[in-house]
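Colleague: Attaching a predicted model along with its sequence, questions to come.
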Amino acid sequence: VLGLLVWALIADTTFYLHAAYGWVMFVSIFLWVLTLLLFIIYLLQLQLKFYIIPWPLVLMIFNLVATVLYVTGFVTSAAAVQPTSWRQWDYNRRAAAAFFACVVMLTYALSSFFSFRAWKGLGSNAATSQVTDRA
């Protein structure tokens, strides 16, 4: 949802006049579509049908790549905001887009941390990991 907000805020400005916002648009649209596809896969539980794919690893790699891409998108967006814009609403929307790009970046970073823990199995219950089969 936040990535869609970044996309909408940039698209509502004159982004075509600044080449840097093309990259921000690409990052926000590309990752929004990929996140939506992963959401649909998990919603429909298709990962259970494709059991050969290591889904925790795929999710961790996706989140790490998304974090790196959004770091570049956030830095690009924040550096391209000019307070002397000829249209005041362009400045406000671009500044808001930079803020929300930072929020999305932090969200993907937090998701990367949790997906790393799930991949490594660090969040398992101590009681269930100590159970042995005794007959």
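Modeller: Received it, and whenever you're ready, just let me know what you need.
Colleague: Now for residue 68, which secondary structure element holds it?
Modeller: helix 55-80 (DSSP states H and E).
Colleague: Ok, residue 103 next?
Modeller: Residue 103 belongs to helix 88-120 when elements are defined using DSSP H and E.
Colleague: tell me the angle of that helix relative to helix 55-80?
Modeller: Relative orientation of helix 88-120 versus helix 55-80 (axes from the mean of the first three to the mean of the last three CA atoms, to 10 degrees): 160 degrees.
Colleague: buried ones in the helix holding residue 68?
Modeller: Buried residues in helix 55-80, counted by 16 or more other CB atoms under 10 Å: 55-56, 58-60, 62-64, 66-67, 69-71, 73-78, 80. Yep, even glycine has a C-beta here, placed from its N, CA and C like the rest.
Colleague: Quick check: mean pLDDT of the helix holding residue 103?
Modeller: Confidence over helix 88-120 (mean pLDDT, whole number) is 87.
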